[in-house]
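Chemist: 3D, please:
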Amino acid sequence: MKKKYVFLLIILVSFFTTLQAQNILYVNKNVSGGTADGSSWANAIPELADALVWAKQNEAT
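Modeler: Numbers count the residues shown, from 1 in each chain. Presented below is the predicted three-dimensional model:
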């Protein structure tokens, strides 16, 4: 029985970690290079306004 709870806990933690990772949009005015898609600090979006526009256009309904 204890193994079932541990397994369930692992699944829940990985599910919520994945959910949170999909909701992060990185913004850094001083970034140089990268893809500017907001997927990481290296690929941060340089302007907050652009990040907000992207977030609004891609929000879940």
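Chemist: which element is the residue nearest the centre of the chain on?
Modeler: Most central in the chain under CA atoms, centre = their mean is I24, positioned 2.8 Å from the mean C-alpha point. For I24, there is no host helix or strand (DSSP states H and E).
Chemist: let me know the pLDDT of it.
Modeler: Note on I24: pLDDT of 85.
Chemist: K3 versus that one, what's the distance?
Modeler: As judged by CB to CB, to the nearest Å, I24 and K3 stand 32 Å apart. Just so you know, the C-beta spots here come from the backbone N, C-alpha and C atoms, and that holds for glycine as well.
Chemist: any low-confidence regions in the chain?
Modeler: Residues of the chain that meet the criterion pLDDT under 70 lie in 1-2, 11-22, 60-61.
Chemist: can you show me the helices along it?
Modeler: Assigned by DSSP state H, the helices in the chain fall at 2-22, 48-57.
Chemist: with adjacent residues omitted, what lies nearest to W41?
Modeler: In this structure, W41 finds its nearest non-sequential neighbour in Y26, 5.4 Å apart by CB to CB, 6 or more residues apart in numbering.
Chemist: that neighbour against D37, yeah?
Modeler: No. Counting by CB atoms under 8 Å, Y26 does not reach D37; the two are 9.1 Å apart.
Chemist: name the residues contacting each of the two.
Modeler: Taking CB atoms under 8 Å, 6 or more residues apart in numbering as the criterion, Y26 and D37 both touch 43, 45.
Chemist: between those two, which is the more surrounded one?
Modeler: Y26 (17 against 12; other CB atoms under 10 Å).
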